[in-house]
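[1] give me the fold of what follows.
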Amino acid sequence: MTRPARAPAAARNLADLFYASVDTYDKARHLLYKKDGAWTGISSAEFRRAVEELSSGLRAVGVEAGDRVAILSENRPEWAFADLATLAAGAVDVPIYPNSTPAQVLHILKDSGAKAVFVSRAAQAAKVAEVRPQLPALLHVICMDDDGPGGTTLAGLQEKGRPALAADPEAVRRRAASLGSDDLATIIYTSGTTGEPKGVMLSHGNIASNVAAAAAVFPVFGPDDLALSFLPLCHIFERMAGHYLMLSRGVTVAYAESVEAVPANMTEVRPTVVFSVPRLYEKMHARIQEKVAGDPPVRQRIFRWGLRVGQESFRHRVAKTRPPAALRLRRALAERLVFAKIKKRVGGRLRVFVSGGAPLSRELAEFFGAVGLLILEGYGLTETSPVITVNRPEDFRPGTVGPPVEGVEVKIAPDGEILTRGPHVMKGYYKKPEATAEAIDGQGWFHTGDVGVLEDGFLTITDRKKDIIVTSGGKNIAPQPIEGALKRSPLIADAVMIGNKRNFAAALVVPKFDALEKWAAARGISFRDREDLVHRPEIVAHYEQAVKEATDGLARFEQIKKIALLPREFSLEGGELTPTLKVKRRVVEQKYKDMIDRMYEAAPAR
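    Model (predicted):
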């Protein structure tokens with residue numbers, strides 16, 4: 001049973017939030033990380049000491065208020081140390097995705113004018129070393145690992161900060177307390193799905209207001225809870241929710257070893273809350289379905305029965321009605337026979353998943369709700385700190401992204417675009433006043449670029465404004481819901497609709513290769529490799545039928561008339577995904593331009 005959180009008072013700045021957290025909760029294990037095969041705890045006192053020593057060290061090497069300090073690192077305790085030390089010094093931190101290329105690192109360090117950069121390990125230090133001759137403003141490279149090449153180590157910087165801290169133990173806290181809510185806290189470069197990344201300037205007050213609004217939505221979180229952190233901390237969703245919000249509620253944060261290790265780490269630390277993007281839930285759902293497909297027929301029937309019972313119970317929960325006694329008994333039996341095994345795979349203690357970053361399909365939300373793993377979907381952008389709306393634990397509607405959080409205004413423009421106004425809206429784009437003026441109008445409304453509807457206070461996202469397909473016949477098609485319907489097929493991993501300025505809709509389809517290869521083997525279809533497999537006529541025909549079934553209920557102009565199967569999944573390394581695992585539609589269209597052109601040049605569409 002989780003103790004109610006003794007929530008600190010609302011913070012004026014993010015350093016105040018940190019101090020309130022370590023003072024209020026004073027935990028033996030405030031942070032957790034895995035070392036030499038064992039989970040190791042960092043106490044509140046150790047957390048505070050590391051942050052203060054680093055902050056004092058930054059001042060000792062010449063980092064002053066307003067200077068930019070970058071962080072190029074995977075999720076780990078030192079990321080939190082570097083972030084909070086930078087903020088407490090009055091400086092501005094600039095997070096960089098750890099999978100960034102040297103060219104991307106160069107752009108962010110140069111554009112921001114960073115004076116210092118924290119790097120996690122040798123591989124990240126090498127990226128900086130490669131581009132450093134082009135960075136005259138960069139004076140310090142601080143490696144978190146002791147074996148980092150050259151520069152200063154984290155331990156060395158802490159050592160530099162100790163004399164000043166010993167002479168005046170409250171110096172860092174006083175400096176932090178002097179920060180105002182309008183002071184710039186961070187510059188976060190957008191992931192660039194549609195062009196060159198822009199630096200989003202967020203103030204201490206922007207993010208602190210969003211933390212307070214999110215805390216009001218989730219008052220049940222407290223010091224007995226544990227969150228598993230694996231979304232990149234350089235992304236504002238994980239940073240606000242998995243970092244600052246968890247600090248404000250006294251929740252212990254465990255840093256996953258890697259994204260690949262998340263399933264194992266879940267069973268080890270047994271989290272009670274997880275923040276993630278839909279792709280995690282899609283993969284979890286696929287693994288469950290594959291496991292069930294391999295079970296004996298009797299167990300498959302039990303699973304389907306349990307799922308029907310869970311779905312009926314979940315409908316009562318959504319409607320806030322009491323299920324009949326007979327249904328409650330069946331639900332209890334389904335819990336023992338079916339759902340407990342699924343919950344065990346995520347540690348057995350999980351109380352809530354929170355989803356953001358991209359649209360979550362209603363069917364996926366209802367599936368996990370049926371098995372007793374509630375997913376609460378929210379919505380926001382980097383420019384809005386990020387949360388605009390979110391479903392509540394006691395009031396949610398699958399398929400929507402919930403009502404606005406406290407203090408946030410939302411309205412729908414005449415063309416369907418979602419607009420928002422409030423303390424969460426960014427100060428602007430760094431060194432880009434024209435782009436800022438285009439995004440924020442004279443009344444303070446931020447134009448999100450997303451299209452949606454607001455009904456009974458609940459917001460539903462329908463698509464990205466720039467992603468809307470306009471056919472040569474003048475028909476408008478919103479691709480995301482259709483792509484979502486395709487991805488619910490057990491054979492389809494991803495899909496990108498095509499058709500802008502064309503005479504019909506088509507799609508690039510990425511198969512779920514494990515499932516496809518099993519399907520092909522069961523039918524005696526031989527193939528040399530995946531490139532050969534996706535061009536087999538019988539395979540193409542099978543996928544055409546699957547796509548036809550998924551789109552038959554749509555208007556004729558929305559139905560996908562032709563498909564092309566891709567021989568590999570989208571990936572970060574391939575450039576088709578952003579660091580937050582959203583598909584870069586324009587990159588995909590350019591990369592497969594020849595394939596798309598051949599699709600439209602071939603025989604007439606069916």
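[2] test my guess that I525 contacts I539.
    Yes: between I525 and I539 a contact is recorded at 7.1 Å, counting by C-beta atoms under 8 Å. C-beta: built from backbone N, CA, C; applies to glycine.
[3] which one of the two is surrounded by more residues?
    I539 (21 against 15; other C-beta atoms under 10 Å).
[4] nearest residue to the more buried one in space, please, no chain neighbours.
    Leaving aside its sequence neighbours, I539 sits nearest to L533 (C-beta to C-beta, 6 or more residues apart in numbering; 6.1 Å).
[5] can you name the residues that contact that neighbour?
    L516, E517, A520, I525, F527, I539, P567 (C-beta atoms under 8 Å, 6 or more residues apart in numbering).
[6] so what are the domain limits for the protein?
    14-258, 278-348+351-463, 468-601 (automatic domain parsing).
[7] switch these over to TSV; also include distance to R270 and mean pLDDT.
    As requested, these are arranged in TSV below (distance: least, C-beta to C-beta, whole Å; pLDDT from 0 to 100):
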stretch	distance to R270	mean pLDDT
domain 14-258	7	94
domain 278-348+351-463	3	95
domain 468-601	25	88
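[8] any idea which of these gets closest to M266?
    domain 278-348+351-463 (4.8 Å; C-beta to C-beta).
[9] what about the closest one, start to end distance?
    15 Å (C-alpha to C-alpha, to the nearest Å).
[10] immediately after the one helix or strand V510 maps to, which helix or strand?
    Element membership of V510, judged by DSSP states H and E, is strand 505-511. Next helix or strand after strand 505-511 toward the C-terminus (DSSP H and E): helix 513-522.
[11] what are the buried residues along that following helix?
    F513, A515, L516, W519, A520 (16 or more other C-beta atoms under 10 Å).
[12] and what of stretch 545-555?
    If you call a residue buried by 16+ other C-beta under 10 Å, then stretch 545-555 has these buried ones: A546, V547, A550, T551.
[13] right, and the last one touches K562 too?
    No: in this structure, T551 is not within contact of K562 by C-beta under 8 Å, at 11.8 Å.
[14] rewinding a little: for the contacts of L533, which two are the farthest from each other?
    I525 and P567 (15.5 Å).
[15] C-alpha coordinates for the longest helix along the chain, CSV please?
    Across the chain, the longest stretch assigned as helix under DSSP state H is helix 297-319. In CSV, the C-alpha atoms belonging to helix 297-319 read as follows (Å, rounded to 0.1, in the frame of the first residue of the first chain):
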residue,chain,number,x,y,z
PRO,A,297,-5.8,-24.9,-27.9
VAL,A,298,-7.3,-25.2,-24.5
ARG,A,299,-5.2,-22.4,-23.1
GLN,A,300,-5.9,-20.2,-26.1
ARG,A,301,-9.7,-20.7,-25.4
ILE,A,302,-9.1,-19.7,-21.7
PHE,A,303,-7.2,-16.6,-22.8
ARG,A,304,-10.0,-15.5,-25.2
TRP,A,305,-12.6,-16.2,-22.5
GLY,A,306,-10.6,-14.2,-19.9
LEU,A,307,-10.1,-11.3,-22.4
ARG,A,308,-13.8,-11.1,-23.1
VAL,A,309,-14.5,-11.0,-19.3
GLY,A,310,-11.9,-8.3,-18.9
GLN,A,311,-13.3,-6.2,-21.7
GLU,A,312,-16.8,-6.4,-20.2
SER,A,313,-15.4,-5.4,-16.8
PHE,A,314,-13.3,-2.6,-18.3
ARG,A,315,-16.4,-1.1,-20.0
HIS,A,316,-18.0,-0.8,-16.6
ARG,A,317,-14.8,0.9,-15.2
VAL,A,318,-14.8,3.4,-18.1
ALA,A,319,-18.5,4.1,-17.6
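[16] helices and strands around the following helix or strand past that helix, which ones?
    Scanning forward in sequence from helix 297-319 by DSSP H and E, the next helix or strand is helix 325-334. Where contact means 3 or more C-beta pairs under 8 Å, 6 or more residues apart in numbering; DSSP states H and E, helix 325-334 is packed against helix 297-319.
[17] return the distance of the helix it packs on from the chain's centre.
    29 Å (C-alpha atoms, centre = their mean, to the nearest Å).
[18] residues contacting the helix or strand hosting R287, please?
    Per DSSP H and E, R287 falls inside helix 278-293. For helix 278-293, the surrounding residues in contact (C-beta under 8 Å, 6+ apart) are 262, 299-300, 303, 342, 346, 353, 355, 357-361, 364, 367-368, 375, 487, 490, 512, 514-515, 581.
[19] distance from the chain centre to that helix, please.
    18 Å.
[20] okay, buried residues for that helix please.
    In helix 278-293, counting by 16+ other C-beta under 10 Å, buried: P278, R279, L280, Y281, E282, M284, H285, A286, I288.
[21] one step back: now, the contacts of helix 278-293 that are in strands?
    Under the assignment DSSP state E, those contribute F353, S355, I375 to strands.
[22] count of residues packed around the last one?
    The local packing of I375 (other C-beta under 10 Å) involves 22 other residues.
[23] so what's the residue nearest to it when sequence neighbours are not counted up against?
    Using C-beta to C-beta, 6+ apart and skipping the chain neighbours, the partner closest in space to I375 is F353 (4.4 Å). Shown in contact with F353 (C-beta under 8 Å, 6+ apart): V273, V274, F275, S276, Y281, F368, L373, L374, I375, L376.
[24] which residues pair with F353 across the strands?
    Per DSSP bridges, residues listed as beta-bridge partners of F353: V274, I375.
[25] returning to that earlier point: in JSON lines, list the domains of the chain along with distance to V269.
    JSON lines is the format used below for those (distance: least, C-beta to C-beta, whole Å):
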{"stretch": "domain 14-258", "distance to V269": "4"}
{"stretch": "domain 278-348+351-463", "distance to V269": "7"}
{"stretch": "domain 468-601", "distance to V269": "22"}
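[26] ranking the ones you listed by burial, who's on top?
    With neighbours taken as mean count of other C-beta atoms under 10 Å, these reach their highest mean count in domain 14-258, at a mean of 20.
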